[in-house]
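Student: following is a predicted model, sequence given first.
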Amino acid sequence: MTSTPLQDSTGTSVPAPPVAKKIPTERTHHGETFVDNYEWLRDKESPEVVAHLRAENEYQEAVTAGQEPLREAIFQEIKGRTQETDLSVPHRKDGWWYFSRSAEGKEYGIHCRVKAQDTGDKVADWTPPAVEAGVGIPGEEVLLDGNVEAEGKPFFSVGGTAVTIDGHLYAYAVDNSGDERFTLRIKDLRTGTLLPDVLENIFYGVSFSPDGTRLFYTVVDESWRPYQVKSHVLGTPVADDTVVYQEDDPAMWLGFELSADRRHLVLGIGCSEYSETRLLRCDDPSATVSTVISRDERILYEAEPFLLDGEEKILLTHNRGAINSMVSLTDPAELHKPLADQAWQTVVEHSDGVRVNGAGVTSSHLIVSVRKDTIERVQVMGLAGLGTHAQQAPVEPAFDEELYTAGVGGSDYDAPVIRLGYTSYFTPSRIYDFVLPTPELPAGDLLLRKESPVLGGYDGSDYIATREWATAGDGTRIPLSVLRHKGVKQDATAAGLVYGYGSYEMSMDPGFGIARLSLLDRGVVFVIAHIRGGGELGRHWYEDGKKLTKKNTFTDFVDATDWLANSGWVDPARIAALGGSAGGLLMGAVANMAPEKYAAIVAQVPFVDPLTSILDPDLPLSALEWEEWGNPITDPAAYAYMKSYSPYENVRAVAYPKIAAVTSFNDTRVLYVEPAKWVQELRNKTTGSEPIVMKIEMDGGHGGASGRYVQWRERAWDYAFIADALGATGLLPGAGLKQ
């Protein structure tokens, strides 16, 4: 490669990019040998590696120095639209209202609570108190001030909190490095003192037992897989903690929660294709863990034990004979029979057009989350007659937008309401309480508790969101969400950005984003491509974009790009691509497949060396990925297929566009070494002159740095890189912040 100095967007000379030395490492599988020249960059303890990464940052800073004014402008727009002194809507748990505050100039939230009242009017008792931003209320207690906890620390993130039913003890888990290993402490809220109990190196998920004497938590193994749920008895040595359950299969993920009525500890074990639930009675210290349905049945399911008219029942959300899942009800006694002999009552039947995402219960109602026509919806029905001919018809809260997202944001077992979160592309986040239907109120009642304020003269009518469809090469119709400022004309001159993910059955649902407005205000047409591998159109949509059909994800994205190029909105020479994590793999794949279609590509924490990672079961989370991508260790076909699209291994001699790989040194999900190797190989092979840079956050994890102002600057960096590459740096007439 050339060492001739490059020029940035202003024409200023910048230094040549850092060149990592080549130390060939051979990887041989299934008779094929791959020579990897940059595997040595994996050693994060090496001073030489750290020096190289710092050199990458210096190069990136030099190349993008001319974008600093634009970055600052976008940062100020984000800041100017965000109400910095704000609060969440209080949610009730037992006898308290819990909420968080954010304060201007403060990076982190402040977690608070205030006592609840019980008057006998249940709806009134579950109406959150009026809390004003920046104004304390009588009896308000601060549980945790993230700004105090983060002081002097390079990173701060809370991985879980829990409060005892009596409200006396508060447990909180903190990560100060970004590696998602947390230290848990317990505060006595009556005195403000910390208990001597300190639990180190735990994972997400913390719950007290109903009697408040034990704490349940999760531990990860050497490959960062949650594999143990443990129980700590307060006041005893941590070394004496007992293992409630240990999962030894390296391809299975373990998690837990308390059942809605808090009578059971519910252990969830699974991968993307099948699962197993185990239950433990909380009120019986001698109880042992019982299995609901064995993983050997290869059913993907969730189980919720609860009381129905005083009798034990188990609610099953499952894919047994139902690819899009359904909901059934059964008696615990049935589970002792062979599966084929068990009697299950249908509650929500299977539909080819409706994906059942999950189901839960309150003391009076069933709550079901479904996805229909790409949109996530919530349905409720009374428990009376559940699973019989007397079952009630579902009731669905009604919203008036076409493209929106509505989901359960929390519910308490005894509450007469459920908390709903609502958003759309141009409707800021709303919090509703939905009063559950009763004979007197058969449709329920939707009560708006808060709409997140957006400052700077924001007017949602300045923007337009439409549902469009691209056609894939095999004839499949791909849904697109197309967002634009109303000032953009359909004259084929605008800039465009295509965003995608397309993995793990994750859906890119409609949601409001303040930062995105800065691109729309500069005339960028923003397309979210709902490509195969995601979950927008049901389980088939996911299965048609995983394992040996994974390339559909990549070709769908290119077809979405072609739709945009031919839509009449944009100049085909002014299109960029954006994606993160598995969407970063997508970015690497489309860069190799169709580099000429993009003026710039931003790959955030990109999974661009997937074959190397998944071939090593000792690397973080690798074994868990086999159900998504295939197991290339044992399956030659999976190896060959992954080899054919792995971004790092398929870099070729073509003119690549401007590329930015954005990563974090302490990321445990996608290691920094993947983009570090990828950018070296891209620079080796590209026949073009566009810069290829890596921006590495030396203190962050998979989500980047931790403070909100730092995160806003990271988003401003990404968007400025894109806008600069597309020549979309100026605001449209009348767009931008307004006083």
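Tutor: Looks like it came in fine. Numbers count the residues shown, from 1 in each chain.
Student: how close does Glu26 sit to Glu32?
Tutor: According to C-beta to C-beta, to the nearest Å, Glu26 stands 11 Å off from Glu32. All C-beta spots, glycine's among them, are computed from the backbone N, C-alpha and C.
Student: same deal with Arg419?
Tutor: Counting by C-beta to C-beta, the gap between Arg419 and Glu32 amounts to 53 Å.
Student: look at the two and report which has more neighbours.
Tutor: Arg419 (21 against 11; other C-beta atoms under 10 Å).
Student: partner strands of the helix or strand harbouring that one, with direction?
Tutor: Assigned by DSSP states H and E, Arg419 falls within strand 417-424. Note on strand 417-424: by DSSP bridges, its sheet partners are strand 404-411 (antiparallel), strand 430-435 (antiparallel).
Student: and of the ones you listed, who's closest to Trp629?
Tutor: Ranking the strands paired with strand 417-424 by proximity to Trp629 (C-beta to C-beta) places strand 404-411 first, at 27.5 Å.
Student: centre of the chain to that closest one, how far?
Tutor: Taking C-alpha atoms, centre = their mean, to the nearest Å, the mean C-alpha location of strand 404-411 is offset from the chain mean by 15 Å.
Student: and what of stretch 174-190?
Tutor: A distance of 21 Å separates the centroid of the chain from that of stretch 174-190, by C-alpha atoms, centre = their mean.
Student: and for stretch 98-107?
Tutor: 22 Å.
Student: please shift the residue numbers so they start at 7 in all later answers.
Tutor: Noted, 7 is the first residue going forward, which turns the last one into stretch 104-113.
Student: would you enumerate the residues in contact with the residue nearest the centre of the chain?
Tutor: Residue closest to the average C-alpha location in the chain (C-alpha atoms, centre = their mean): Met512, at 8.3 Å. By C-beta atoms under 8 Å, 6 or more residues apart in numbering, Met512 lies in contact with Gly540, Gly541.
Student: one more pass at 10 Å, please.
Tutor: By C-beta atoms under 10 Å, 6 or more residues apart in numbering, Met512 lies in contact with Gly539, Gly540, Gly541, Glu542, Tyr548, Ser587, Ala588, Gly589.
Student: ok, and the closest non-adjacent residue to the last one?
Tutor: For Gly589, the nearest residue in space outside its immediate sequence neighbours is Tyr507; the separation is 4.1 Å by C-beta to C-beta, 6 or more residues apart in numbering.
Student: ok so, going back, export the contacts of Met512 to a markdown table and tack on distance to Ala595 and neighbour count?
Tutor: Output for the contacts of Met512, formatted as a markdown table (distance: C-beta to C-beta, whole Å; neighbours: other C-beta atoms under 10 Å):
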| residue | distance to Ala595 | neighbour count |
| --- | --- | --- |
| Gly539 | 11 | 30 |
| Gly540 | 15 | 26 |
| Gly541 | 20 | 23 |
| Glu542 | 20 | 25 |
| Tyr548 | 18 | 25 |
| Ser587 | 13 | 21 |
| Ala588 | 11 | 25 |
| Gly589 | 10 | 26 |
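Student: need the max-distance pair from these.
Tutor: Farthest apart among the contacts of Met512 by C-beta to C-beta are Glu542 and Ser587. That separation is 17.6 Å.
Student: from the contacts of Met512, which land in helices?
Tutor: Tyr548, Ala588, Gly589 (DSSP state H).
Student: could you pull up the residues touching the first one?
Tutor: The neighbours of Tyr548, taking C-beta under 10 Å, 6+ apart as the test, are 278, 329, 361, 508-513, 538-542, 555, 634.
Student: and for the last one?
Tutor: Taking C-beta under 10 Å, 6+ apart, we find Gly589 in contact with 505-509, 512, 514, 537, 539, 559, 563, 583, 609-613.
Student: what about the helices in the protein?
Tutor: Using DSSP H, helices in the chain cover 53-69, 74-87, 128-131, 152-156, 520-526, 545-549, 557-571, 588-599, 616-620, 632-635, 642-651, 679-691, 714-732.
Student: out of those, deepest packed?
Tutor: helix 588-599 (a mean of 26; mean count of other C-beta atoms under 10 Å).
Student: how far off centre is that one?
Tutor: Its chain's C-alpha centre and that of helix 588-599 lie 19 Å apart, by C-alpha atoms, centre = their mean.
Student: would you mind writing the CA trace of it as PDB?
Tutor: Extracted C-alpha coordinates of helix 588-599, given in PDB (Å, rounded to 0.1, in the frame of the first residue of the first chain):
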ATOM      1  CA  ALA A 588     -24.300  -7.900  13.600                       C
ATOM      2  CA  GLY A 589     -25.300  -4.900  11.500                       C
ATOM      3  CA  GLY A 590     -21.500  -4.200  11.400                       C
ATOM      4  CA  LEU A 591     -21.100  -7.600   9.800                       C
ATOM      5  CA  LEU A 592     -23.700  -6.500   7.300                       C
ATOM      6  CA  MET A 593     -21.700  -3.400   6.600                       C
ATOM      7  CA  GLY A 594     -18.600  -5.400   5.900                       C
ATOM      8  CA  ALA A 595     -20.500  -7.800   3.700                       C
ATOM      9  CA  VAL A 596     -22.100  -5.100   1.500                       C
ATOM     10  CA  ALA A 597     -18.800  -3.200   1.300                       C
ATOM     11  CA  ASN A 598     -17.300  -6.300  -0.400                       C
ATOM     12  CA  MET A 599     -20.400  -7.100  -2.500                       C
END
